[in-house]
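> Just need the structure, nothing else, for what follows:
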Amino acid sequence: GAVLYSKNADKAQYPASITKIMTALLGCENLDPSQKFTMSQSAAYGITESNSSSIYADTGEEFTIEQALMAVMLQSANEMTLAVAELTTGSTKKFVEQMNLKARQLGCTNTHFNNPNGLPDEIHYTTAADMAKIARAAWFNPTFRKFASTQYYEIPPTNKFAETRYLLNHHKMMKGQTYAYDGVLGGKTGYTKAAGNTLVTYAEKDGMMLICVVMRSNSTAQWNDTRNLFEYCF
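All right, here's what the predicted structure looks like:
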């Protein structure tokens, strides 16, 4: 819980897809990963933004909760955040209320979520300090930890889609990836034009666990800044 380094930690920023850490945490707390479900029309086609991250799930398509949460954390699938929201509370609106309640319970003081995925919205914001609290709480959930630290996952053919979907974690500091850093266990990436690059990273060395949150960054600086922060703090 100690803060080892911070800069503008309490400044409200757009989080983009690191929002999905909260979404996945609530999914892990309330749903059974082995449970099967069928995509609703509202989840499958509820996102209207073009070029939105997706696994192109279709109305009536059958998945497990585990597959949905892997799609959320690895592929950043926006339609799957809507599915998780509906399955958890019955509607996206109620789920967003749950997100904000959870944020307050975790001690967040300048956070307001307005959707489960982080797509641009003026009243959807958080701070680096608040995001660190959310990320820390999530890591203590062993089910969430599995989703945040998986590198590669396959969703086999479904009743609606004849091919296997291959999901690859977008976090480039994980083992074997471009900016691999020793000790990095996983995390979540995010990007929108409004938010810039956002990044949450979990790392552990010699029994010390660190969580790094970088917001309003760019495609190269997010990795280098995170590495420098880990070097300094470890």
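> all contacts plus neighbour counts: C-alpha atoms, from now on.
OK.
> part of a strand, is residue 167?
Yes. Assigned with DSSP: H, G, I helix; E, B strand; the rest coil, residue 167 falls within a strand.
> Does it touch residue 150 like I think?
No. Taking contacts as CA atoms under 8 Å, residue 167 lies outside contact range of residue 150: 9.7 Å.
> so what sits against both of those two?
Jointly contacting residue 167 and residue 150 under the rule CA atoms under 8 Å, 6 or more residues apart in numbering are residue 74.
> Settle it for me: which of these two has more neighbours?
Taking other CA atoms under 10 Å, residue 167 and residue 150 do not tie; residue 167 has more neighbours (21 against 18).
> In space, what's closest to that one - neighbours in sequence excluded?
residue 153 (5.1 Å; CA to CA, 6 or more residues apart in numbering).
> quick one: the one you found from residue 145, how far?
Noted for residue 153: a distance of 15 Å to residue 145, by CA to CA, to the nearest Å.
> what's the answer for residue 101, then?
Where residue 145 is concerned, residue 101 sits at a distance of 22 Å (CA to CA).
> the more surrounded of those two?
Legend: neighbour count by other CA under 10 Å for residue 101 and residue 145, higher for residue 145 (18 against 14).
> So residue 103: helix, strand or coil?
helix.
> number of nearby residues for it?
Neighbour count of residue 103, defined by other CA under 10 Å: 22.
> I figured it was touching residue 134, is that so?
Yes. Contact between residue 103 and residue 134 holds when scored by CA under 8 Å: they sit 7.0 Å apart.
> if we look at stretch 165-176, which residues are touching it?
The contact list for stretch 165-176, computed with CA under 8 Å, 6+ apart, reads 55, 70-71, 73-75, 150-157, 177-182, 184-189, 223.
> Just the buried ones among those residues, please.
In terms of neighbour count (16 or more other CA atoms under 10 Å), the buried residues within the contacts of stretch 165-176 are 55, 70-71, 73-75, 150-151, 153, 155, 181, 184-189, 223.
> before we move on, which element is the residue nearest to residue 46 when sequence neighbours are not counted in?
The shortest distance from residue 46 to any non-neighbouring residue, by CA to CA, 6+ apart, is to residue 79 (6.9 Å). Element membership of residue 79 [criterion: DSSP states H and E] is helix 78-89.
> Against which helices or strands is that helix packed?
When contacts are defined as 3 or more CA pairs under 8 Å, 6 or more residues apart in numbering; DSSP states H and E, helix 78-89 packs onto helix 20-30, helix 41-44, helix 65-74, helix 92-105.
> Report the distance from that helix to the chain centre.
Here helix 78-89 is found 13 Å from its chain centre; the criterion is CA atoms, centre = their mean, to the nearest Å.
> And stretch 213-229, by the same measure?
When C-alpha coordinates are averaged (CA atoms, centre = their mean), stretch 213-229 and its chain have centres 17 Å apart.
> now the end-to-end length of that stretch.
Criterion CA to CA; first-to-last residue distance in stretch 213-229 is 10 Å.
> what's the model's confidence in that stretch, averaged?
Averaging pLDDT along stretch 213-229 yields 98.
> what's the answer for stretch 144-159, then?
The pLDDT scores in stretch 144-159 average 98.
> Strands along this structure, start to end?
Secondary structure of the chain, counting by DSSP state E: strands at 36-38, 62-64, 152-155, 165-168, 184-192, 196-205, 208-217.
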